[in-house]
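Novice: Structure, please.
(one chain, ligands or ions: 4)
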Amino acid sequence: MARLFLLLLFSLLHSSVTGLRRSDFPPSFLFGAGSSSYQIEGAYLEDNKGLSNWDVFTHIKGASKGNIDDGSNGDMATDHYHRYKDDIEMMHSIGLTSYKFSLSWSRILPKGRFGGINQAGIKFYNNLINGLLEKGIQPLVTINHYDIPEELQERYNSWLNPEIQEDFTYFAELCFKMFGDRVKHWVTFNEPNLLAKLEYFIGGFPPNRCSEPNGKCDYGNSSTEPYIAAHNMILAHAKTNNIYRKNYKSKQGGSVGITIHMRWYEPLRNITEDHLAVSRALSFEAPWFLDPLFFGDYPHQMRQILGPNLPKFTAGEEKLLKNQIDFIGVNHYQTFYVKDCIYSLCDIDPYTSEALVSESTERNGIPIGKLTQDANTYVVPSSMEKLVMYLKERYNNIPLYITENGGLLGYAQIPNISTTVEEIINDTERINYIRDYLTYLSFAIRKGADVRGYFVWSLMDSFEWISGYTIKYGLFHVNFKSLKRTPKLSAKWYNKFIKGYEQIEIASEESLEHMVS
Ligand SMILES: *[C@@H]1O[C@H](CO)[C@@H](O)[C@H](O)[C@H]1NC(C)=O
Ligand SMILES: *[C@@H]1O[C@H](CO)[C@@H](O)[C@H](O)[C@H]1NC(C)=O
Ligand SMILES: *[C@@H]1O[C@H](CO)[C@@H](O)[C@H](O)[C@H]1NC(C)=O
Ligand SMILES: *[C@@H]1O[C@H](CO)[C@@H](O)[C@H](O)[C@H]1NC(C)=O
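Specialist: Ligands and ions are numbered 1, 2, ... in the order given. Sure thing, here's the model as predicted:
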């Protein structure tokens, strides 16, 4: 009987998965892919661009190979600055209806607000935006995706100083003035919650500050600095949106959101303590930034655990903060089990230690999903539905965009000396991945979630921050010697899916097994 029931359940789930179609998403739904300025543009010293913190960081050579795994940098990257016209053609060739990219702050304002406007930078982004619109591709523009003018680091310690709020709003308002007649989707920050951790909690990203036991850095304090940096980013977002609503929104008719990095968590054990651990781990991620911008303050679980290390908002700031988001962007990659570390003994991992939980990727020896080429990333498509429903409940069904989703799929995305281009391009695993995550996204939409777009990370293989060019997330392969772009199988599949002319088959068996458990 139980067997029959399982069989029935299996075939039910199976049939709902097999039918994924373009028409499972609203007609206006945006299907896109993403990039960011430092990762693709190159031309790092051209046309009066100022140095960014990443230009400087990648050029500092340490004792062995410096700050980047393969000793590389973004000086040239994919040379998108010179090849943007071809890249727009490339996006059009696979039917993208939207493109998520970021503006290089130091290309537009080489020295922040302490110098002039670089007209060549304005011109480049005008050309890019116009070219996209000519092909019917909606620009989704991130004002800041990690790279900032080095000037702001050297002058006043960037995100640790409230002065950066002024620099950020100055830059953002300039972007509204210059591009806002055509750009309808603005994202202030990409993954500020991850950024605050990588810059100030674990270290690794410039200015590489942290303290033991979270990481090894020459300077910093992991107990205080991530929260100070985040505080300044949150206020910078609120002030920017306030400016947009007052002076631009009625004329330009766009919307302003923020993109949050969001893992999903499952309780390791089915006990109250671990369910609370999940709630804490989640609170320290998305609600850290979103609660202040909806409700005016940090989640109470953060306040309880961090005490005086968590900055306070003044009464005036609280008022300013409330309801300062038009949409939430979500970047999603990973799922972990978490275990309570308040009542139970555990080894605490740096990433989630602040929430007093520990994370793992298996339970009783069984992995949480199918392993990708990245040792810490497993494929768990059902998390997509769960996290969307979590945000829907907590934030009153505000519009959502999945602004990044992807992985090192198709067993050659971390190439070695003997990997062939054919293997890299033959990324059937990425196709399964995108199809399965989209399937669960469609389930959330069917349950009433207001999701309006999905963006694959990334459009093409890029400079992947401290991993350099060693890992490949792209729909398009890039040969970093000739800079030639070649569509992977996944790009061809995505094109067919977006255009809706092929019934899309089965999710992988692994993902189905996971659904049943
Ligand atoms: C970090 O700052 C807190 C609060 O000021 C202080 O108690 C702690 O000792 C500092 N830690 C380090 C490693 O400097
Ligand atoms: C977790 O435990 C509750 C009762 O404590 C039970 O109702 C539920 O089915 C369990 N969930 C799982 C996934 O085992
Ligand atoms: C190199 O990568 C290929 C996949 O592209 C894999 O089959 C092979 O085992 C790897 N070789 C080494 C030495 O790691
Ligand atoms: C592509 O991958 C599939 C499945 O992983 C495999 O069956 C096929 O032989 C591969 N093709 C090439 C050209 O490597």
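Novice: Low-confidence stretches in the stretch 401-517 of the chain?
Specialist: 501-517 (pLDDT under 70).
Novice: Recalculate using a threshold of 80.
Specialist: Counting by pLDDT under 80, the stretch 401-517 of the chain has low-confidence residues at 411, 501-517.
Novice: Which residues of it lie near ligand 3?
Specialist: Residues of the stretch 401-517 of the chain found near ligand 3 (CB under 6 Å from any ligand atom) are 411-412, 416, 418-419, 423. From N, CA and C alone the C-beta is placed, and that goes for glycine too.
Novice: in what helix or strand does residue 176 lie?
Specialist: Applying DSSP states H and E as the criterion places residue 176 in helix 163-179.
Novice: Can you list the buried residues in that helix?
Specialist: Buried residues in helix 163-179, defined by neighbour count with 16 or more other CB atoms under 10 Å: 163-165, 167-169, 171-176, 178-179.
Novice: Just the buried residues of the residues of the stretch 401-517 of the chain next to ligand 3.
Specialist: Going by neighbour count (16+ other CB under 10 Å), these have residue 412 buried.
Novice: which one of the residues of the stretch 401-517 of the chain next to ligand 3 sits closest to ligand 4?
Specialist: Proximity of these to ligand 4 (CB to the nearest ligand atom) peaks at residue 423, which lies at 5.8 Å.
Novice: related to what we said a few turns ago, remind me what whichever helix or strand comes after the helix holding residue 176 packs against, helices and strands.
Specialist: Next helix or strand after helix 163-179 toward the C-terminus (DSSP H and E): strand 185-190. Judged by 3 or more CB pairs under 8 Å, 6 or more residues apart in numbering; DSSP states H and E, the packing partners of strand 185-190 are strand 98-102, strand 138-144, helix 163-179, helix 225-247, strand 255-261, strand 327-332, strand 400-405.
Novice: Out of the ones you listed, flag the one nearest ligand 4.
Specialist: Once the helices and strands packed on strand 185-190 are compared by CB to the nearest ligand atom, strand 400-405 is nearest, at 21.1 Å.
Novice: The very next helix or strand once past that closest one close to ligand 4?
Specialist: Using DSSP H and E, the helix or strand that follows strand 400-405 towards the C-terminus is helix 421-425. Yes - using CB under 6 Å from any ligand atom, helix 421-425 reaches ligand 4 at 422-423.
Novice: For helix 421-425, list every residue counted as buried.
Specialist: 424-425.
Novice: Show me what it is packed up against.
Specialist: By 3+ CB pairs under 8 Å, 6+ apart, helix 421-425 packs against strand 476-478, strand 485-487.
Novice: Any idea how far that helix is from the middle of the chain?
Specialist: 26 Å (CA atoms, centre = their mean, to the nearest Å).
Novice: List the neighbours of the helix or strand that it is followed by that are in contact with it.
Specialist: Remark: after helix 421-425, the chain's next helix or strand is helix 428-446, criterion DSSP H and E. Helix 428-446 has contacts (CB atoms under 8 Å, 6 or more residues apart in numbering) with 16-17, 20, 24-26, 332, 372, 379, 381-385, 388-389, 392, 402, 405-407, 409-411, 413, 451, 454, 456, 475, 488-490, 493-494, 497, 504, 507-508, 511.
Novice: Let me know the pLDDT of the closest residue to residue 101 other than its chain neighbours.
Specialist: Distance criterion CB to CB, 6 or more residues apart in numbering; nearest residue to residue 101, sequence neighbours excluded, is residue 35 at 5.0 Å. Note on residue 35: pLDDT of 98.
Novice: One more: the one 5 residues further on?
Specialist: pLDDT, the model's per-residue confidence, is 98 for residue 40.
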